[in-house]
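K.L.:
got a structure for you, letters missing:
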């Protein structure tokens, strides 16, 4: 599909709550010595956003290169005043597809990616934006349930490439390509394989759609999917039905009530066909579920930004990490089982 091959990665870490992620993110940023690259769909100017901007500004003031790409709709509410400390410190901010009355068609084609790269060796991606909606502390205990991942090693270079392509598009500035941005990291000892797969409307082949389809159709034992917005196209629906009919343990975990009622109704229109094929649909009752993950058999864990719908597959710029590692797969499966305890099966 034209994407990077699986590459070695160490220190693969899953984050299941926003506060743990933001602690790790701030620590990684404050440890930066050469550059920090940041790309987000939603970046709010609340307590969480100010905290991350302060960390970035401190590093920029110390001479670290800071580049930030923000989506023109998702981060629209972030004011110039909120970004001023970063800009004054020397950070560079670019807006992805800013929308105006003269370019209304760009209301589609958003960057839905969440990427942080520190010094070319430490990477973060997944479902969490920078917003108090993901923080138990900021939301009064009602934070969205989500999943993110970080890792180190050669696989970071694949995510760096994705960011730099978006930086060039959004800023118009030539992306840096020197060795400091693509560090030849060693990976002695135990490591996982991580494959970074990106897709968007600028590609002829929708690589994430192909990845999901291939994973479902090749699964032998189980496919456990978590997605906040579940509107599969005919191809993906057929893959799920076929997997269920051939005896694969297929489970789809969705929120009982997401932040979009129309999408919830569209999702439920697919339930009868799936249930007849022995696919289990679980509705998460505890709070808003925003994670985008997949567990395939015992050795593949997928964490990323893409929902199971056509907007993610064909209209948005998305990225996922496919992690080929039994330990990470077990950990993601345990998180899925914990979420099932707060869910109800659709019958």
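P.N.:
Happy to help now that I have it. Quick caveat: nothing in here was measured; it's all calculated off a predicted structure.
K.L.:
low pLDDT regions in the stretch 1-150 of the chain?
P.N.:
Residues of the stretch 1-150 of the chain that meet the criterion pLDDT under 70 lie in 101-107.
K.L.:
again, 90 this time
P.N.:
Using pLDDT under 90 as the threshold, the predicted model of the stretch 1-150 of the chain has low-confidence ranges 1-2, 98-109, 137-142.
K.L.:
Just the helices from the chain, written as ranges.
P.N.:
Defined through DSSP state H, the helices belonging to the chain, from first to last, are 18-30, 47-61, 80-89, 155-171, 207-218, 234-245, 261-268, 271-276, 310, 326-340.
K.L.:
As a markdown table, those with mean neighbour count and distance to residue 133 would be great.
P.N.:
C-betas here are computed from N, CA, C, even on glycine. Formatted as a markdown table, the entries for the helices of the chain read as follows, by neighbours: other CB atoms under 10 Å; distance: least, CB to CB, whole Å:
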| stretch | mean neighbour count | distance to residue 133 |
| --- | --- | --- |
| helix 18-30 | 19 | 8 |
| helix 47-61 | 20 | 9 |
| helix 80-89 | 15 | 17 |
| helix 155-171 | 21 | 23 |
| helix 207-218 | 20 | 24 |
| helix 234-245 | 18 | 27 |
| helix 261-268 | 15 | 17 |
| helix 271-276 | 15 | 27 |
| helix 310 | 15 | 24 |
| helix 326-340 | 17 | 18 |
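K.L.:
okay, the ones you listed in a markdown table with distance to residue 69 next?
P.N.:
Putting these into a markdown table (distance: least, CB to CB, whole Å) gives the following:
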| stretch | distance to residue 69 |
| --- | --- |
| helix 18-30 | 16 |
| helix 47-61 | 13 |
| helix 80-89 | 13 |
| helix 155-171 | 5 |
| helix 207-218 | 19 |
| helix 234-245 | 29 |
| helix 261-268 | 26 |
| helix 271-276 | 37 |
| helix 310 | 24 |
| helix 326-340 | 27 |
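K.L.:
and of those helices, who's closest to residue 226?
P.N.:
Taking CB to CB, helix 326-340 is the member of the helices of the chain nearest to residue 226, at 6.5 Å.
K.L.:
Show me what the closest one is packed against.
P.N.:
Under the contact criterion of 3 or more CB pairs under 8 Å, 6 or more residues apart in numbering; DSSP states H and E, helix 326-340 touches strand 7-15, strand 222-226, strand 249-255, strand 280-284, strand 293-296, strand 300-304.
K.L.:
Reformat the ones you listed as CSV; add mean neighbour count and distance to residue 177.
P.N.:
Listed next are those as CSV, based on neighbours: other CB under 10 Å; distance: least, CB to CB, whole Å:
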stretch, mean neighbour count, distance to residue 177
strand 7-15, 20, 18
strand 222-226, 24, 36
strand 249-255, 23, 41
strand 280-284, 21, 43
strand 293-296, 26, 32
strand 300-304, 27, 25
